[in-house]
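>>> here is my input, please return the structure:
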Amino acid sequence: MKSIRRFFAGVKEGFTGLWQHRSMGFASVLSMFLTLVILAFVLITVLNLNQAVVDVKDKVNEIEIFVEDSVAGPKIEEMKNLLESQAGVLSVTYKSKEEALANFQETLGEDGYLVEGMQEALPQSFVVEMGDIEQTDTFVRNIQSLEGVSEIRYYQDLVDRIVTISTYVQYAGAAVVILLILISIITIFNTIKLTVFARSKEIQIKKYIGASNPMITSPFIIEGIVFGLIGSALAFVIVYLLYNYLFENYSRAVFNLISSYLIDPAMIMTNILIILITLGVGIGALGSIFSVRKHLEV
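So this is what the prediction gives:
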């Protein structure tokens, strides 16, 4: 019962301290707010870059395998089954000479009639959709020596470039986010440390009159948690409003530029909110604990 009273007394003193030292509290909240806003936008940027790479991967995951005229009847089905059994293959579609001609006429538009009846001049083929373009080179090596295969056409240079970019984006994005989190922790810790230092005499007086370490520390922890909640909540509101504005007004422009839409805010904002609150509250509480500890030695 006594410990419960002490807990609520610490909570009450913490909220009282928020108002009495509101100017220093404002500095802590502002520091958290600015740092978390920057962190959130960097994180959102990394997520969108990763999504753009995935979208581009999906657009270049097709391989067209042209086959000789000798491949006919049951051999077509056999080859289709063989291709489907390869690792990384998502689907295999057979394209006949007639279908190849129809596609060619479609590209010619009004002049399509000029090639009417010329299907025998076009090759039959299989269109292979890869589930993972990183396995494209291995797939091509495995099937290029198959009997009946005359040519394999795919965006080899582009695929290799995308795989490389994807790797760089993942590692660089993770490194930047981790670095920013560390910078955020250091910045907010230092701001809280200055706030606590300004009240060092108050801590020493409480220590002299016999207050226990938990009684002295608990109000500062409450203040740190509240500062974290306010800073992270304000950061989330600004991030949500700005990103939602960008999504509604510039998503089409981004697609025209990199062939990928911005991620819908509804898909990521819940996770962003959880991350901001966790960082804000965690750093606020831990920063208060470590900052007060050095002043408890009297």
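>>> dump the residue contacts of Ile181.
Ile181 makes contact with 39, 279, according to C-beta atoms under 8 Å, 6 or more residues apart in numbering. Where you see a C-beta, it was placed from the backbone N, CA and C, and this is true even at glycine.
>>> ok, 10 Å please
Counting by C-beta atoms under 10 Å, 6 or more residues apart in numbering, Ile181 touches 35, 39, 42-43, 275, 279, 283.
>>> Leu262 - nearest residue in space that isn't next to it in sequence?
In space, and not counting its chain neighbours, Leu262 is closest to Ser251: 4.6 Å by C-beta to C-beta, 6 or more residues apart in numbering.
>>> closest to Ile143 out of the contacts of Ile181?
Relative to Ile143, the closest of the contacts of Ile181 is Leu43; by C-beta to C-beta it sits at 40.9 Å.
>>> need the CA coordinates for stretch 122-137. CSV is fine.
What follows is stretch 122-137, C-alpha atoms only, in CSV (Å, rounded to 0.1, in the frame of the first residue of the first chain):
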residue,chain,number,x,y,z
LEU,A,122,7.4,-15.7,-87.0
PRO,A,123,8.8,-18.1,-84.3
GLN,A,124,6.7,-19.9,-81.6
SER,A,125,7.9,-19.2,-78.1
PHE,A,126,7.4,-19.7,-74.3
VAL,A,127,6.9,-16.6,-72.1
VAL,A,128,8.4,-17.4,-68.6
GLU,A,129,7.5,-15.2,-65.7
MET,A,130,10.1,-15.4,-62.9
GLY,A,131,9.1,-15.2,-59.3
ASP,A,132,12.6,-14.1,-58.3
ILE,A,133,14.7,-12.3,-60.9
GLU,A,134,17.8,-13.0,-58.9
GLN,A,135,17.5,-16.6,-60.3
THR,A,136,17.2,-15.4,-63.9
ASP,A,137,20.8,-16.0,-64.9
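>>> give me the buried positions along it.
Neighbour-count burial for stretch 122-137, counted by 16 or more other C-beta atoms under 10 Å, picks out 122, 124-126, 128, 130, 133, 136.
>>> over to stretch 262-274?
Neighbour-count burial for stretch 262-274 [16+ other C-beta under 10 Å]: 262-263, 265, 268-269, 272-273.
>>> biggest separation within the residues you listed, which pair?
Applying C-beta to C-beta across those, the maximum distance is between Leu262 and Leu273, 18.1 Å.
>>> got the buried residues of stretch 122-137 as JSON lines, with distance to Thr217 and pLDDT columns?
Shown next, in JSON lines, are the buried residues of stretch 122-137 (distance: C-beta to C-beta, whole Å; pLDDT from 0 to 100):
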{"residue": "Leu122", "distance to Thr217": "80", "pLDDT": "78"}
{"residue": "Gln124", "distance to Thr217": "78", "pLDDT": "85"}
{"residue": "Ser125", "distance to Thr217": "73", "pLDDT": "87"}
{"residue": "Phe126", "distance to Thr217": "70", "pLDDT": "86"}
{"residue": "Val128", "distance to Thr217": "64", "pLDDT": "85"}
{"residue": "Met130", "distance to Thr217": "58", "pLDDT": "80"}
{"residue": "Ile133", "distance to Thr217": "55", "pLDDT": "71"}
{"residue": "Thr136", "distance to Thr217": "59", "pLDDT": "79"}
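>>> thanks a lot, see you next time.
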